[in-house]
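Q: the following comprises the amino acid sequence and a computationally predicted model.
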Amino acid sequence: MAKQIARRMLLRVLGLAGLTLALDPRAAEAIPARARVTRLTGLLADAASARQVGQAYLQQAPGEADRERLTAELIARFNDDPSREALTACCRADLADGRTVTVNGWVLSQTEVRLCALAALA
């Protein structure tokens, strides 16, 4: 019974947080940095593989190894809507506009590698 109550409370809190963000996008700044990183990296289907790609990318581009900057850039890139749909749209736009990075022979979108780099830094 206690687990159900705790889950319900968590869902209510998360729902209220989502509603707050929907009403005032600036409220995203009030979310703790760790929660924003978790929300972004939660978009990744395979966190372990993403961390490996992120580490390889950071070896190529050590100047990108700034968790706060990557978080801010990704949140802005997703127009304050970190969702899988937004990620897909951003990756497609990157590829269409030539914003790509080659990591271990793979051509990836800039958004994708930055998200992987964030996972590696988390």
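A: Cool, got the structure.
Q: can we go C-alpha only for contacts and neighbour counts from here?
A: Noted.
Q: and the helices in this protein?
A: 2-23, 33-41, 47-60, 67-77, 84-97, 110-121 (DSSP state H).
Q: export these to a markdown table and append columns for distance to N104, mean pLDDT and mean neighbour count.
A: As requested, the helices of the chain are arranged in a markdown table below (distance: least, C-alpha to C-alpha, whole Å; pLDDT from 0 to 100; neighbours: other C-alpha atoms under 10 Å):
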| stretch | distance to N104 | mean pLDDT | mean neighbour count |
| --- | --- | --- | --- |
| helix 2-23 | 37 | 44 | 12 |
| helix 33-41 | 21 | 84 | 17 |
| helix 47-60 | 7 | 94 | 18 |
| helix 67-77 | 21 | 92 | 17 |
| helix 84-97 | 17 | 93 | 15 |
| helix 110-121 | 12 | 94 | 24 |
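Q: next, the contact list for the most centrally placed residue in the chain, please.
A: Centroid-nearest residue in the chain, with C-alpha atoms, centre = their mean: L40, separated by 2.3 Å. By C-alpha atoms under 8 Å, 6 or more residues apart in numbering, the contact set of L40 is T71, L74, P82, L115.
Q: read off the pLDDT value for D80.
A: With respect to pLDDT, D80 scores 81.
Q: how much space is there between it and L40?
A: Counting by C-alpha to C-alpha, to the nearest Å, the gap from D80 to L40 is 11 Å.
Q: same deal with R99?
A: For R99, the distance to L40 equals 20 Å [C-alpha to C-alpha].
Q: now do A96
A: According to C-alpha to C-alpha, A96 and L40 sit 22 Å apart.
Q: contact partners for the residue nearest to S83 when sequence neighbours are not counted?
A: Setting aside the residues directly before and after it, S83 is nearest to L43 in space (C-alpha to C-alpha, 6 or more residues apart in numbering), at 6.7 Å. Applying C-alpha under 8 Å, 6+ apart to L43 gives the contacts P82, S83, R84, L87.
Q: next, format those as CSV and append distance to A48.
A: Below are these laid out as CSV (distance: C-alpha to C-alpha, whole Å):
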residue, distance to A48
P82, 20
S83, 19
R84, 18
L87, 18
